[in-house]
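>>> When you get a sec, could you give me coordinates for this:
(chains A and B)
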Amino acid sequence: MPVIHFVTTSGETLTLAAENGRSIMEVAKANDLPMLAACGGALACATCHVIVDEDWYDRLDPPSEDEEDLLDTAHGLTPTSRLCCQIRVSDALDGIRVTLTPMD
Amino acid sequence: MSTQTPSGTEAAVTEAAVTEATEVTDVAIIGAGPVGLFAVFECGMLQLRCHVIDALPTLGGQCVALYPEKPIYDIPAAPELTASELIARLQQQIAPFQPRFHLDQQVTELQRRDAAWELTTSRGTRIRARAVMVAAGVGAFGPNRPPLPGIEQYEGRCVHYLVAERERFRGQRLVIAGGGDSAVDWAIALADSAAEIHVIHRREQFRAAPETSARLHELAAAGKIQLVIPYQLAALEGDGERLGAVVVKTLKGEERRIEADHLLAFFGLASKLGPINDWGLGAHNGVIPVDPSTCATSLPGVFAIGDIANYPRKLKLILTGFAEAAHAAHAAYAVVHPDRALHFEHSTTVGVPLREP
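Predicted structure coming up:
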C-alpha cells in the first residue's frame, strides 16, 4: 500500500498508509488530520489546500480549471499548492509529501 | 430584518413585539441548511414547534453559499435537481409547520436554564427551547478573510468584504483582491470614481464572464486600473486606524508595496465552527460525537445532525442528514414531552398535521 507523508502546520511529519483510488483528502480525514475539507470533495471550496513537495508536484496530473478557480480563493498559495481532494492515491505516488495549511 | 417566515405573513406582525423578549419554542435548530430545514418537517410531524437560526441572510446553508447551481443526483425520488432547487422544495415542504427563522445571526451562547436551553444570537435574539438540534454543517459562513496580521482592526473602516456604499470610495486609493466576479465587477464599477485601483490576483485568468474580463483588461490598458499579477496579499501597513499600504508578494516571494486607503477583499465565503467549540459538546476537528441511534450529544436535550454529527462509519451525505433529523426528532419528543407517550403515525396515515396555533 502506498504511503503519504503529511507535514502538519507545526512541522510534524505523519506517514500514513493509503489505499489506491482514495483521494489524499479522504486519507487525511480518515486519519483525523486537522483539515476542514468543508465541501467533502465536491470541488466547491478550497479548505483541503495543501502544498505538495516540489519534487512531486510535476508528477501529478495538472489541476483542472475548476480547481484553479477555487485555488484563487485560498490564502498562502505557493507554486505547488493543490486541493488534495483532487489527488488520487496510486502506486506512482508512493512516498509523496504534502504540507497541510492552517484550518482557519 | 431578524426574523421571517416562508409565507412572510406572521413575521411582519410579531417581529417588533418579540425582538426584545425571549422566544419560547419546543426545538431550536441551529443551521438552515438542508438538514436543519428537514428537521423542521420531522419535528412538525410530531407536533414539535421549531425556530431555526442561521448566520447567513438566506436559507440553504452550504447548498446556497457554496454550490447553488451544482446538480445533486443522490436525493431519493429526485433524479436531478440543483442545490438551490433542493432548498426551495424543502422550504415548500416545511411551510405548513410555520417555522420561525432568525437569519443573518449566529448563535453565540447556549446555556442551560431551568430544564431548558437558552440560545443567544449575535443580534441579541434569545430563544428558549426544550431541545436543541445543532445542524451547523461545517460552521457558520462569513467572508473568507485573508489571514493577514492585524486585519481585524481595519475591518469595516479600511478593509471591506462587500461594498455597501460605493460613494465612500470616491477619490480613494483602492486595492481590490480576488479573481472572481465580485473583484472584477467592483474594479470596473469603481474605476471612474476611485483615485487609483490596483487589482491583486494570483494568475492571468479571472473567474468572470468573458465580456467582463475583456472590459477589465480595456480599463487596464487605458491606465484606469493597475493589474498586479501574479501576486497575493502578504501584509497590511497602517497606524491601526487608517490603512497606509498593502504589501503583496508573488508566489516566489518577490515583494511589492502599494499605497492604499482601502482594501476590498473578495475571496468568497468561508465557514467557521466558532462558538460551538465552546459549548462542551466535545467538538473535535469540526465534528460533534453523537449516538447514531438518537443523534444525542453529551449534553441532555442537545442533538447534532447532518455533516457536523459524527459516529463510526458516518457518511457525510444530505441523505444521511435527513435520516438523522428523523432520529433526533423522535428522541427530542421525549425531551419536550417527558410525560407523554409518542404515538407515531406515518404521514400516509395522518397527512401533514398543521401545528396548533
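
>>> contacts and neighbour counts: CA atoms only from here.
Noted.

>>> how about the residues of the stretch 201-350 of chain B that lie near chain A?
Contact residues (C-alpha under 8 Å from any C-alpha of the partner chain) of the stretch 201-350 of chain B with chain A: B:201-202, B:207, B:232, B:251-252, B:267-268, B:271-272, B:285-286, B:316.

>>> residue ranges of the helices in the stretch 201-350 of chain B, please?
In the stretch 201-350 of chain B, the segments counted as helices under DSSP state H, counting those that start in this stretch are B:210-221, B:318-336, B:347-350.

>>> wait, I meant chain A
A:24-30, A:54-57, A:65-71 (DSSP state H).

>>> To chain B, which of these lies closest?
Nearest of the helices of chain A to chain B, taken as C-alpha to the nearest C-alpha: helix A:65-71 at 6.4 Å.

>>> what stretches of chain B score poorly on pLDDT?
B:1-20, B:353-357 (pLDDT under 70).

>>> TSV for the helices of the stretch 201-350 of chain B, including mean neighbour count and distance to B:Ile308?
Shown next, in TSV, are those (neighbours: other C-alpha atoms under 10 Å in any protein chain shown; distance: least, C-alpha to C-alpha, whole Å):
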stretch	mean neighbour count	distance to B:Ile308
helix B:210-221	15	38
helix B:318-336	21	9
helix B:347-350	9	28
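
>>> Could you dump the ones you listed into JSON lines and include distance to A:Thr15?
Formatted as JSON lines, the helices of the stretch 201-350 of chain B follow (distance: least, C-alpha to C-alpha, whole Å):
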{"stretch": "helix B:210-221", "distance to A:Thr15": "44"}
{"stretch": "helix B:318-336", "distance to A:Thr15": "31"}
{"stretch": "helix B:347-350", "distance to A:Thr15": "51"}
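
>>> related to what we said a few turns ago, highest mean neighbour count out of the helices of chain A?
helix A:24-30 (a mean of 20; mean count of other C-alpha atoms under 10 Å in any protein chain shown).

>>> Give me the contact list for that one.
A:18, A:34-35, A:37, A:41, A:48, A:84-89 (C-alpha atoms under 8 Å, 6 or more residues apart in numbering or on different chains).

>>> Neighbour-wise, which one of these leads?
Among the contacts of helix A:24-30, A:Cys48 has the most neighbours (other C-alpha atoms under 10 Å in any protein chain shown), with 29 neighbours.

>>> surely that one meets A:Met35?
Yes. In this structure, A:Cys48 is within contact of A:Met35 by C-alpha atoms under 8 Å, at 6.2 Å.

>>> and the residue nearest the centre of chain A, what does it touch?
What sits nearest the mean C-alpha location of chain A, by C-alpha atoms, centre = their mean, is A:Cys84, with 2.8 Å. If you count contacts by C-alpha under 8 Å, 6+ apart, A:Cys84 has them with A:23-25, A:48-50.

>>> Include pLDDT when you put the residues you listed into CSV, please.
Listed next are the contacts of A:Cys84 as CSV, based on pLDDT from 0 to 100:
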residue, pLDDT
A:Ser23, 97
A:Ile24, 98
A:Met25, 97
A:Cys48, 96
A:His49, 97
A:Val50, 98
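
>>> List just the nearest of these to A:Ile4.
Nearest to A:Ile4, judged by C-alpha to C-alpha, of the contacts of A:Cys84 is A:Ile24 at 8.2 Å.

>>> what are the phi and psi angles of the most far-flung residue of chain B relative to its centre?
Most distant from the centre of chain B: B:Ala222, at 39.1 Å, with distances by C-alpha atoms, centre = their mean. Backbone torsions of B:Ala222, given as degrees, to the nearest 10, read phi -80, psi 0.

>>> hang on, isn't B:Ala21 packed against B:Arg126?
Yes. Taking contacts as C-alpha under 8 Å, B:Ala21 lies within contact range of B:Arg126: 7.2 Å.
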